[in-house]
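K.L.:
pasting the sequence and the predicted model now:
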Amino acid sequence: MKIEDTIRNLVEDVILENGYRLDTVEYVKEGRTFFLRIMIDKDGIIDVEDTVKVFHLVSPILDKEDPIKEAYYLDVCSKEKGN
């Protein structure tokens with residue numbers, strides 16, 4: 001199973017329960033830095049408060065389950081960033 005699928009399985013339910021949709025999960029290396037990008041969507045506009053809320057929802061799950069062994073940055077953003 002790809003790491004993106006593992007992450008999706010861990011966090012999708014809590015994201016849905018809070019009124020958001022999980023659009024895309026990406027685990028990428030940019031230069032020397034790894035990023036876990038979780039792109040969310042919802043009806044209406046996603047603002048910074050939404051991304052911060054989802055960050056705080058998924059971060060404890062990822063910390064507890066620890067599916068990624070390398071150091072990485074968690075980036076929760078709106079779907080539009082990926083377009």
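P.N.:
Alright, I've got the coordinates.
K.L.:
mind checking the SS state of residue 68?
P.N.:
Here residue 68 is recorded as coil under DSSP: H, G, I helix; E, B strand; the rest coil.
K.L.:
does it really touch residue 29, like I thought?
P.N.:
No. Residue 68 is beyond contact range of residue 29, at 11.7 Å (criterion: C-beta atoms under 8 Å). The way it works is simple: take the backbone N, C-alpha and C, and place the C-beta from them, glycine included.
K.L.:
those two: which is more packed in?
P.N.:
residue 68 (15 against 10; other C-beta atoms under 10 Å).
K.L.:
could you check the pLDDT of the more buried one?
P.N.:
Per-residue confidence (pLDDT) for residue 68: 97.
K.L.:
state the mean pLDDT of the strand or helix carrying residue 4.
P.N.:
Taking DSSP states H and E as the definition, one finds residue 4 inside helix 3-17. Across helix 3-17, pLDDT averages out at 98.
K.L.:
for it, list every residue counted as buried.
P.N.:
Buried residues in helix 3-17, counted by 16 or more other C-beta atoms under 10 Å: 4, 7-8, 10-12, 15.
K.L.:
send the alpha carbons of that helix over as CSV?
P.N.:
What follows is helix 3-17, C-alpha atoms only, in CSV (Å, rounded to 0.1, in the frame of the first residue of the first chain):
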residue,chain,number,x,y,z
ILE,A,3,1.9,5.9,1.9
GLU,A,4,-0.7,8.2,0.5
ASP,A,5,-3.3,5.5,0.7
THR,A,6,-2.3,4.8,4.3
ILE,A,7,-2.6,8.4,5.2
ARG,A,8,-6.0,8.7,3.5
ASN,A,9,-7.3,5.6,5.5
LEU,A,10,-6.1,7.2,8.8
VAL,A,11,-7.5,10.7,8.4
GLU,A,12,-10.4,10.7,5.9
ASP,A,13,-13.1,9.8,8.4
VAL,A,14,-12.3,12.7,10.8
ILE,A,15,-12.1,15.1,7.9
LEU,A,16,-15.5,14.0,6.6
GLU,A,17,-17.0,14.1,10.1
